[in-house]
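J.: show me how the following folds:
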Amino acid sequence: MTFAAANEAEEAAPPPAGPDAATRRAVWWHAGWALALAMAALAAVAVAPWRDANPGMALIAAVAPAIAALFLLRGEGGGTRIGLLVIWTAAAVIAAGLTGGVTGPLAIWCLAPLAAAILFGRRSVAWGGTFSVGALAVAGLAEAAGLTPAPPAGALAATLAVAGVATMAAGLTAAIALARVAAAETAAPAGDDRLARLAASQPHLIVAMDVEGVVDTVLGGLDGGLAARVHAQGLAGIAAASARADVDAALDAARREGRASLVFPLDEPEGAWLGLDLAWLDGGRLVGALRDATADHEREAALEKARADAEALNQGKSRFLANMSHELRTPLNAIMGFADIMRQRIFGPLPGKYVEYADLIHDAGAHLLDLINDVLDMAKIEAAKYELALEHLDAREPVQAALRLMRVQADDVGVQLRGLLPAEPLDAEVDRRALKQIVLNLVSNALKFTPRGGLVTVSLMALDGAMELSVADNGVGIAEHDLARLGRPYEQAGDADQQARGTGLGLSLVRAFAELHGGEMAIESRLGEGTAINVRLPVLTGSNGENGSSPHGGGGEVIAFNPQR
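T.: Model (predicted):
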């Protein structure tokens, strides 16, 4: 079972039965405006007589937006508020126009749309300013065109002017104050609410703990039941019994090092895994993120099983090759033995043609035996069954023996084979047969890729506390794209004719023998200029191993060893 997001998307909450706080504030502001106008009307009537109905009509027009607000502010859309601003603009133009236009005592009411816009919020202020400017422009044009009556005079004009300034100042002040209250009430809670919604809807579980690891907060959209279990049981409590110590160790690591990660199985449902990422906060608290890791664990388990199957298959192949090599070497040795008897004419003379055939059988058998030995050695190495027979010896001896064996092959292909060996003994603890095989394989490859008249040089020295063997030739070289492959089993370079003379195991055996001794092999080559292969083995003993600065082992001069002479 995997943990997909189990919680359903949160349904939209039904609209509240009554008006919200912002609407209530707007209604109360408009009610206050209407009350202020009523008081201004009473003051105007008490102070000065009215010669006509224009001031009264202006006051009635100014009350219209307050009445319209009771109906329009029930909506939440921006269009509703813009409509109310339009009504405010029309009322301001009418009130100013009935009292003489922009030179009249109520021209200041053209700022009413701006006051209402401030009340509605910052996004409406630009509209309010535009409508206020528009109201002033219309009132001014109407006055210039002679469409407005003459402004009131005397005490009535002074009373209306005082009322207009007082009501507008009070309206603007109240609108700004209410806007600040709204901002203070909604800014921080809105941000906190948005963060809470994000934390609750993200697909993982966010877990907050005290310094002891006691969970006090769980947020997220992983499985709702799992969230409750984490809150009640803690992280270690939901883990399988075998993983609880690992969870506690991860908590300790997060406290010490600041961060920790873990993938662990749940106690239930069976087969479910969680990934846990922990972090230590400066306030002395731990916070963690839980994610569903079941699919990742199953994928890793499948990869591990595939790797184990591949290793088992490879070991089975190696065992098969080892068994086959053993089975093949017995009859092959018999074939070579009988061919050698015939070549030496131990039981009497043979016709010339049969002697030639006996030589061919012996050579082919020797070549096949070499291939079988390579396959057997590689099979043992891959199966981790090859054991080094280490002995204290002079490293020059197996190198010289290998060079003598390769003399005939070098003569056959017309290549000069030269050895540069230390004049003094080079004491080492090494597998004699492995070192000899390294030289044989490297020289055989060098002869294969060096044209007639070329030179193959084998160097042996002590360098920086290790024995370094180098085989260099001036042959055809190796292409750059082949260098990366060489050294792996059954990988070959060169053309088809060159590849047909081997199995591709020579360099891989050299690398394997070097690594078994704790050393390494490096290849340097350039196409058309030759190849140099260096094998570095940390096998020197005695004064050779201590004197890392001596390039020739015992401090003597290098001597040339040419097995062809």
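
J.: for the rest of this, base every contact and every neighbour count on C-alpha atoms.
T.: OK.

J.: for Ile94, give me its contacts.
T.: Applying C-alpha atoms under 8 Å, 6 or more residues apart in numbering to Ile94 gives the contacts Ala58, Ala61.

J.: hang on, it in a helix?
T.: Yes. When classified by DSSP: H, G, I helix; E, B strand; the rest coil, Ile94 is found to be part of a helix.

J.: tell me the pLDDT at it?
T.: With respect to pLDDT, Ile94 scores 87.

J.: that one and Arg536, how far apart?
T.: Taking C-alpha to C-alpha, to the nearest Å as the measure, Ile94 and Arg536 are separated by 103 Å.

J.: which residues touch Trp33?
T.: Applying C-alpha under 8 Å, 6+ apart, the residues near Trp33 are Val63, Ala66, Thr167, Gly171.

J.: which one of those residues is nearest Ala126?
T.: Gly171 (17.7 Å; C-alpha to C-alpha).

J.: just the strands in the stretch 451-565 of the chain please.
T.: Remark: strands assigned in the stretch 451-565 of the chain by DSSP state E, counting those that start in this stretch are 455-463, 466-473, 520-526, 530-537, 558-561.

J.: then the stretch 1-150 of the chain?
T.: Under DSSP E, counting those that start in this stretch, the stretch 1-150 of the chain gives no strands.

J.: and Asp359, what does it touch?
T.: The contact partners of Asp359, taken as C-alpha under 8 Å, 6+ apart, are Ala339, Asp340, Arg343.

J.: now, of those, which are buried?
T.: Among these, those scoring as buried are Ala339, Asp340, Arg343 (criterion: 16 or more other C-alpha atoms under 10 Å).

J.: please name the residues that touch the first one.
T.: Read that as Ala339. Contacts of Ala339 by C-alpha under 8 Å, 6+ apart are Ala358, Asp359, Ile361, His362.

J.: still on that earlier bit, what is the nearest of the contacts of Trp33 to Arg256?
T.: Comparing those against Arg256 with C-alpha to C-alpha places Gly171 closest, at 60.6 Å.

J.: how about the contacts made by the closest one?
T.: Contact analysis of Gly171 by C-alpha under 8 Å, 6+ apart lists Trp29, Trp33, Ala112, Ala115.

J.: before we move on, what about Ala117?
T.: Applying C-alpha under 8 Å, 6+ apart, we find Ala117 in contact with Leu85, Ser124, Val125, Ala126, Trp127, Gly128, Gly129.

J.: any idea how far the second one lies from Ala170?
T.: This means Ser124. Distance of Ser124 to Ala170, computed by C-alpha to C-alpha: 20 Å.

J.: which one of these two is surrounded by more residues?
T.: For Ser124 versus Ala170, the count of surrounding residues by other C-alpha atoms under 10 Å is larger for Ser124: 19 against 16.

J.: closest to Ala249 among the contacts of Ala339?
T.: Nearest member of the contacts of Ala339 to Ala249, counting by C-alpha to C-alpha, is His362, at 67.7 Å.

J.: who does the residue nearest to Leu262 when sequence neighbours are not counted bridge with?
T.: With sequence-adjacent residues excluded and distances taken as C-alpha to C-alpha, 6 or more residues apart in numbering, Leu262 is closest to Leu276, at 5.1 Å. For Leu276, the beta-bridge partners under DSSP bridges are Leu262, Leu290.

J.: after the longest helix along the chain, which helix or strand is next?
T.: For the chain, the helix with the greatest residue count under DSSP state H is helix 294-344. Next helix or strand after helix 294-344 toward the C-terminus (DSSP states H and E): helix 352-382.

J.: ok now that following helix, how far from the chain's centre?
T.: In terms of C-alpha atoms, centre = their mean, to the nearest Å, the centre of helix 352-382 is set 53 Å apart from its chain centre.

J.: specify the angle between that helix and helix 294-344 in degrees.
T.: Going by axes from the mean of the first three to the mean of the last three C-alpha atoms, to 10 degrees, helix 352-382 is angled at 150 degrees with respect to helix 294-344.

J.: what about the residue nearest to Ala466 when sequence neighbours are not counted, distance to Ala137?
T.: Closest residue to Ala466 apart from its sequence neighbours, by C-alpha to C-alpha, 6+ apart: Pro538 at 4.4 Å. Distance, Pro538 to Ala137, by C-alpha to C-alpha: 99 Å.

J.: kindly report the same for Lys448.
T.: Lys448 is 103 Å from Ala137, where distance means C-alpha to C-alpha.

J.: pick out whichever of the two has more residues nearby.
T.: Lys448 (20 against 16).

J.: where's the spatially closest residue to Ala139 that is not a sequence neighbour relative to Glu143, distance?
T.: Leaving out its chain neighbours, the residue that sits closest to Ala139 by C-alpha to C-alpha, 6+ apart is Gly101, at 5.2 Å. Distance of Gly101 to Glu143, given as C-alpha to C-alpha: 5 Å.

J.: quick one: least confident helix or strand in the protein?
T.: Each helix and strand of the chain was given a mean pLDDT (mean pLDDT, DSSP states H and E); the minimum falls on helix 496-499 at a mean of 52.

J.: what about the helices in the stretch 401-550 of the chain?
T.: Under the criterion DSSP state H, counting those that start in this stretch, helices of the stretch 401-550 of the chain are mapped to 407-413, 432-448, 480-483, 496-499, 506-516, 542-546.

J.: nearest to Trp280, of those?
T.: Of all these, it is helix 506-516 that lies closest to Trp280, at 43.9 Å by C-alpha to C-alpha.

J.: now that closest one: buried residues?
T.: Using 16+ other C-alpha under 10 Å as the test for burial, helix 506-516 gives Gly506, Leu507, Ser508, Leu509, Val510, Arg511, Ala512, Phe513, Ala514, Leu516.

J.: does Ala172 really touch Ala115, like I thought?
T.: Small correction: residue 172 is Leu, not Ala. Yes. Between Leu172 and Ala115 there is a contact under C-alpha atoms under 8 Å: 5.0 Å.

J.: neighbour count for those two, which is higher?
T.: In this view Leu172 and Ala115 are compared by other C-alpha under 10 Å, and Ala115 has more residues nearby, 26 against 19.

J.: dump the residue contacts of that one.
T.: Ala115 touches Gly128, Gly171, Leu172, Ala175, Ile176, counting by C-alpha under 8 Å, 6+ apart.

J.: quick one: pLDDT of it?
T.: 85.

J.: same question for the one 3 residues further on.
T.: The score at Ile118 is 84. That number is its pLDDT.

J.: surely it touches Trp127?
T.: No. Using C-alpha under 8 Å, Ile118 is not in contact with Trp127; the gap is 9.8 Å.

J.: which one's more surrounded, those two?
T.: The neighbour count for Ile118 versus Trp127, taken as other C-alpha under 10 Å, is higher for Ile118 (26 against 17).

J.: helices of the stretch 51-200 of the chain, start to end?
T.: Applying DSSP H, counting those that start in this stretch to the stretch 51-200 of the chain gives helices spanning 54-72, 78-98, 112-120, 122-144, 154-201.
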